[in-house]
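>>> Generate a structure from the sequence data that follows.
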Amino acid sequence: VKTEAPTSPEAESMAEAARKGYDQVMEHLGRSLELVVEQGGYDQQMARCVLMEAASLHGAQLVPGEEQAHMKRAVSNLKLAAKAAAKRKALVETASGLDPSNGPVANLPEWVTTELQEVAAAQFKGKKGVDGEEDEEPPEASSSLNSLVYLMLSLLRERKLRLFEDDELSVRTGELHKAMAEGVPAYSTECHVALTREQLVEEAEPEAGEVVGQWYKPTDVRGASARTNLLLVLGQAGRTIPATEEGEEASAPPGWVLMSKEVEGGGLWEAEQEIVQVTQMDGEEGGEKGVATAEWDVQVHPKLGPIEVQGEGAQNARMEARAAAGRAANAAAMMVLGVSTDKAEEGGGGEEVSVDTIASLGSLLSTGGVAAVDAPLCSALYSWLAAP
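Model (predicted):
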């Protein structure tokens with residue numbers, strides 16, 4: 001990709017049109033991000049969509065002479081999108097992992113209290129029909145953070161289903177979010193979105209070994225064109241990106257690359273299962289490896305059934321099975337990412353993601369994506385996707 005500015009009148013005219021189009025799109029994206037904040041900063045998914053649109057636009061490098069600057073902006077967009085995805089994940093995990101006794105949250109809007117009371121009454125009525133007494137009274141509605149997060153998630157789901165006339169719903173969601181953020185500082189820190197339009201054009205470069213991968217599929221596209229893209233940044237130390245032609249500059253600084261990879265989701269489940277098998281075999285729970293047992297059942301001869309091996313034989317069998325599972329997980333992941341079939345079947349095509357860091361590969365393939373400095377994962381992905 002050439003980075004020098006065009007010189008001919010025709011090229012200058014096309015470049016000016018590209019800049020004007022770019023400015024118009026960025027103006028709309030900036031206003032969309034401002035609306036997310038003005039409405040209360042509760043819609044992490046919308047913020048992420050805006051950032052992913054900006055990353056896609058910058059990654060396309062449509063404006064002549066601005067290629068390197070736009071790639072650096074795309075890197076920044078992707079990093080911010082990863083943070084927005086983490087905030088959404090934090091909201092969901094709050095609902096599933098919070099102590100139900102946490103709270104209550106004070107100064108709630110009246111409609112929130114009413115809705116919580118209606119839910120409590122409905123639950124009480126259903127229970128009373130089985131073992132309740134006639135003179136029992138419905139319990140007081142819970143205003144714990146746990147209850148409020150479930151209400152917030154239901155409002156966000158309802159808002160997503162509505163295409164028009166959601167002003168009242170947006171106002172309600174914003175009021176609930178504000179009350180939760182003011183009542184529980186930890187919620188505000190983990191779940192609140194506070195971004196400015198200026199951040200859409202900030203520039204950043206990845207660190208050595210950094211991997212930032214995010215999945216994106218526009219929700220307003222239907223049919224055959226509704227493909228899913230993986231936007232990926234690789235910060236690979238010691239690598240250089242060769243010029244496309246003699247005398248041309250590389251389109252990115254040496255040592256890192258930004259990619260937009262169209263992927264097929266058919267093999268995603270199989271790849272995740274292969275990765276889960278590796279982590280289970282390695283005894284990983286909570287990020288810590290378990291201790292290998294002295295005895296291990298292994299399919300040495302499948303037709304004969306499980307055969308118990310002990311001592312050194314058990315350790316060797318375990319290591320061989322782990323290696324085979326790791327190769328299968330690598331091959332499955334490569335198929336999802338569109339690496340050539342021959343390379344995927346070999347389980348190689350460059351470096352392999354080792355079993356020590358294969359959980360990070362699972363994070364990349366999950367819907368939340370990954371944003372971390374992981375040199376082994378970065379190096380393997382670079383050899384799969386970026387190397388000539």
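>>> So for Lys178, what's the nearest residue that isn't a sequence neighbour?
Gly40 (5.6 Å; Cβ to Cβ, 6 or more residues apart in numbering). In this view, the C-beta of every residue, glycine as well, is placed from N, C-alpha and C.
>>> I figured the one you found hits His177, correct?
Yes. With contacts counted by Cβ atoms under 8 Å, Gly40 reaches His177, the gap being 4.6 Å.
>>> Between the two, tell me which one has more neighbours.
The residue with more neighbours, out of Gly40 and His177, is His177; 25 against 18, by other Cβ atoms under 10 Å.
>>> And Ala372, its phi and psi?
phi -160, psi 160 (degrees, to the nearest 10).
>>> As CSV, could you dump the C-alpha coordinates of stretch 175-182?
The C-alpha trace of stretch 175-182 is given here as CSV (Å, rounded to 0.1, in the frame of the first residue of the first chain):
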residue,chain,number,x,y,z
GLU,A,175,-32.2,6.1,35.2
LEU,A,176,-31.6,2.6,36.6
HIS,A,177,-28.0,2.7,35.5
LYS,A,178,-27.4,6.1,37.2
ALA,A,179,-28.9,4.9,40.5
MET,A,180,-26.8,1.7,40.4
ALA,A,181,-23.6,3.7,39.6
GLU,A,182,-24.2,6.2,42.4
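>>> residues in contact with that stretch?
40-42, 105, 107-109, 111-112, 145, 148-149, 151-152, 155, 187-188, 191-192 (Cβ atoms under 8 Å, 6 or more residues apart in numbering).
>>> and with 7 Å instead?
Here stretch 175-182 makes contact (Cβ atoms under 7 Å, 6 or more residues apart in numbering) with 40-42, 105, 107-109, 112, 145, 148, 151-152, 155, 187-188, 192.
>>> In the stretch 251-388 of the chain, what residue spans correspond to strands?
Secondary structure of the stretch 251-388 of the chain, counting by DSSP state E, counting those that start in this stretch: strands at 256-263, 284-285, 288-289, 295-301, 305-310, 370-373.
>>> pLDDT of the third one, averaged?
The average pLDDT for strand 288-289 rounds to 42.
>>> and Ala82, what does it touch?
Going by Cβ under 7 Å, 6+ apart, the list of residues near Ala82 reads Val212, Gln214, Gly369, Ala371.
>>> no wait, Lys72
Residues counted as contacts of Lys72 (Cβ under 7 Å, 6+ apart) are Glu203, Ala204, Glu205.
>>> Now do the helices in this structure.
Ranges of helices in the chain, per DSSP state H, are 9-38, 44-60, 67-97, 110-131, 145-161, 167-183, 185-191, 268-281, 311-336, 341-346, 358-365, 375-381.
>>> Could you give the number of residues near Ala359?
So Ala359, with other Cβ under 10 Å, has 18 neighbours.
>>> Could you check the pLDDT of the spatially closest residue to it that is not a sequence neighbour?
Among residues not flanking Ala359 along the chain, Thr279 sits closest, at 5.6 Å (Cβ to Cβ, 6+ apart). The per-residue pLDDT reported for Thr279 equals 76.
>>> coming back round to it: would you turn the contacts of Lys72 into CSV with pLDDT?
As requested, the contacts of Lys72 are exported to CSV (pLDDT from 0 to 100):
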residue, pLDDT
Glu203, 94
Ala204, 92
Glu205, 87
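>>> PyMOL command for the buried members of these?
Filtering these down to the buried ones (16 or more other Cβ atoms under 10 Å) takes a single PyMOL command:
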select buried, resi 204
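>>> Let's have the contacts of Lys72 in JSON lines, adding distance to Glu67.
Below are the contacts of Lys72 laid out as JSON lines (distance: Cβ to Cβ, whole Å):
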{"residue": "Glu203", "distance to Glu67": "12"}
{"residue": "Ala204", "distance to Glu67": "16"}
{"residue": "Glu205", "distance to Glu67": "14"}
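>>> Restricted to strands, list the contacts of Lys72.
Among the contacts of Lys72, none falls in strands (DSSP state E).
>>> and of the contacts of Lys72, the nearest to Leu51?
Ala204 (12.6 Å; Cβ to Cβ).
>>> ok, that closest one touching Asn77?
No. At 8.8 Å, Ala204 does not count as touching Asn77 under the criterion of Cβ atoms under 7 Å.
>>> Return, as residue ranges, the portions of the stretch 1-150 of the chain with sub-threshold pLDDT.
Across the stretch 1-150 of the chain, the ranges flagged by pLDDT under 70 are 1-7, 94-104, 119-120, 122-145.
>>> Low-confidence stretches in the stretch 251-388 of the chain?
Short version for the stretch 251-388 of the chain, where the test is pLDDT under 70: 251-254, 264-266, 282-315, 341-350, 367, 387-388.
>>> how close does the closest residue to Leu57 other than its chain neighbours sit to Met259?
Closest residue in space to Leu57, ignoring its immediate chain neighbours: Val25 at 5.9 Å, by Cβ to Cβ, 6+ apart. Separation of Val25 from Met259 (Cβ to Cβ, to the nearest Å): 21 Å.
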